[in-house]
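1. Return a 3D structure for these sequence lines:
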Amino acid sequence: MSPVRAAADMTRLYFQNPLNPLTHTPVGRQVAAGCELVERLTRRYGKPEFGLPETTVGGVKVQVREEVVWSKPFCNLLHFDRKVGQRKHKDPTILVVAPMSGHYATLLRGTVETLLPKADIYITDWIDARMVPLAEGQFDLDDYVDYLIEMLHHLGPDTHVVAVCQPSVPALVATAVMEQHGDPCAPASLTLMGGPIDTRINPTAVNDLAEHKPIEWFERNVIMKVPFPQPGFMRDVYPGFLQLSGFMSMNLDRHVSAHNDYFQHLVAGDGDSAEKHRDFYDEYLAVMDLTAEFYLQTVDTVFIKHSLAKGEHHHRGELVDCGAIRRTALLTVEGEKDDITGRGQTKAAHDLCTSLAADMQAHYMQPNVGHYGVFNGSRFRAEIAPRILDFIRSHPSQPEQAPAVPSRRTPVAEAEKAGDTAPAVAPAPTKAKPAATRDPLGEILLAEPRGVADDLTAITGIGPKLQTALNGAGIFHFWQIAALNEAQIEALDGKLDFRGRIARDGWIEQARKFAEQPAAS
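-> The predicted structure is shown next:
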């Protein structure tokens, strides 16, 4: 379509040239408008910007700086750093998990803009699969969950997660996995918005397609290879334009009407109305490719097998038990007229979290909104966002060992594995005894810093929240990290559930260099 687009653009410029007599005629304006429409419909739209340079905190305008604080081949973690200085009351930290379903994270610009005055916001900025070289390996649903866990480790305890649409499933899985392991960095609260937790409930057209097609059909018909000269050349992907076609076909009449109105506005010279159309569709038509393995695994486990809803979902070979969630408060939000995620599909998460106390759960159904109205628009700003912020403020991080709560169903999976009868009450995650974790560490851990504590965030892989966790465990100085031996690394890894990141990120070598700097100077 590139030659067609180029010809249309040249014709548009010709009929918009003020020196051309036809420019000022009705025919000239119609030709120019038609050519602009063709050019825009055949254009590949680049990734939009968030464009949030400032916000209002406590009635005062403050600058906002967008920065990458964590990075992997398929995702960057963006922080909207508000220049608020030292404040007496710290706002909650929120990790917004953007959907990896075709559109860029900027689709949640309105979500971030609404929450930003009241919270410290981080967001997952997923990278277009066609821009990731094949040498970086694959990325599937298990990798997605691992990414979320690593981000939560980077941000540390007392982080609240808001998952919008598709990531509701991996966010719930990540929370369950962390709770099963007694991870101190498990989120303080989890908000799921319009997510397909159980697609057997009120199935939509999206669900029906997956139900009536085998996974082999998807492999044959929607998976393609990235063409040359893209950086991801030869990577198997689910192209973004196919996802966009599916979205638009669900509301085809509305999109056709919008483009017809746009044509009329151009002919009539109504620049303001035409610009509003451009702003919306510049965002809506900007799409990214998904890795084939992530797309196919999601379709198979979420929409065809309903693995999580049936209690059969596995992560890295381990059965995921949402009944292990006890410390993470759960809020679900749905839209009354959602035609992508049917009513009740997100609410089903409460039935899975069988050990979560009633006062740590809430559900809200917003009347008269569709899928996008759940996380954007006037009703989101006026009615949904205040409820989310209130829920977050009402549920700070819970102690590592929470009291057991009577289960609403019998967790039989582990009992069957062991050959025993499952108890009626799921056991609470137990915190390791201090002596068991401190013995291998010997004299490395301190009750308080010796002199001025070092800034451990200078080590790549350690963020402010992770530094707080290390300080809480008794590590304040570079020399403590540099002196760790293998047994101590294993003990510390078990204590804080670093999942091998001490060795992976090279903490020992980095800490040794920082520890030697004062002596060298």
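
2. Next, count neighbours for residue 75.
-> Counted with other CB atoms under 10 Å, the neighbours of residue 75 add up to 22. Quick note: C-beta positions are derived from backbone N, CA and C, even for glycine.

3. I'd like the distance between it and residue 29.
-> Applying CB to CB, to the nearest Å, the value for residue 75 to residue 29 is 45 Å.

4. Next: residue 193.
-> Residue 193 sits 43 Å away from residue 29, taking CB to CB as the criterion.

5. between these two, which one's more packed in?
-> residue 193 (29 against 18).

6. For the nearest residue to that one once chain neighbours are set aside, which residues are in contact?
-> The spatial neighbour of residue 193 that comes closest, neighbours along the chain excluded (CB to CB, 6 or more residues apart in numbering), is residue 333 at 4.5 Å. Contacts here follow CB atoms under 8 Å, 6 or more residues apart in numbering; on that basis residue 333 touches 191-194, 346, 363-366, 374, 384, 387-388.

7. With residue 314 instead?
-> Residue 314 sits next to 307, 320 when contact means CB under 8 Å, 6+ apart.

8. And for stretch 110-120, what's in contact with it?
-> Residues outside stretch 110-120 that contact it (CB under 8 Å, 6+ apart): 50, 52, 55-57, 64, 79-80, 82, 90-94, 96, 121, 123, 160, 162, 164, 375-377, 380-381, 385, 388-389, 392.

9. Next, the buried residues of that stretch.
-> 110-120 (16 or more other CB atoms under 10 Å).

10. Now residue 161, what are its backbone angles?
-> Dihedral angles phi and psi of residue 161 (degrees, to the nearest 10) take the values phi -110, psi 130.

11. Going forward, count from 188.
-> Let's use 188 as the start, then, which means that last one is residue 348.

12. so how many other residues sit close to it?
-> By other CB under 10 Å, the residues close to residue 348 number 28.

13. Please name the nearest non-neighbouring residue to it.
-> The spatial neighbour of residue 348 that comes closest, neighbours along the chain excluded (CB to CB, 6+ apart), is residue 374 at 4.4 Å.

14. my guess is the one you found meets residue 339, correct?
-> Yes - taking contact to mean CB atoms under 8 Å, the distance of 6.3 Å between residue 374 and residue 339 places them in contact.

15. Now do the shared contacts for those two.
-> By CB under 8 Å, 6+ apart, the residues touching both residue 374 and residue 339 are 282, 346, 348, 365.

16. so the second one makes contact with residue 376?
-> No - under the contact definition of CB under 8 Å, residue 346 does not touch residue 376, with a separation of 9.1 Å.

17. Looking at these two, which one has more neighbours?
-> Neighbours around residue 346 and residue 376, counted as other CB under 10 Å, are more numerous at residue 376. The numbers are 28 against 23.

18. which residues pair with the more buried one across the strands?
-> Residue 376 forms beta bridges with residue 347, residue 516, as assigned by DSSP bridges.

19. Could you measure from it over to residue 526?
-> Plainly put, residue 376 is 28 Å away from residue 526 if you go by CB to CB.

20. Repeat that for residue 250.
-> Residue 250 is 39 Å from residue 526, where distance means CB to CB.

21. OK, contacts around residue 693?
-> The neighbourhood of residue 693, defined by CB under 8 Å, 6+ apart, consists of 647-648.

22. Out of the buried residues of stretch 297-307, which sit inside helices?
-> Those of these mapping onto helices are 297-302, per DSSP state H.

23. For residue 416, grab the count of nearby residues.
-> Taking other CB under 10 Å as the definition, residue 416 ends up with a neighbour count of 6.

24. does it count as helix, strand or coil?
-> Taken by DSSP: H, G, I helix; E, B strand; the rest coil, the conformation at residue 416 corresponds to coil.

25. Pop out the phi and psi values for it.
-> Its backbone dihedrals place residue 416 at phi -110, psi 30, with angles given as degrees, to the nearest 10.
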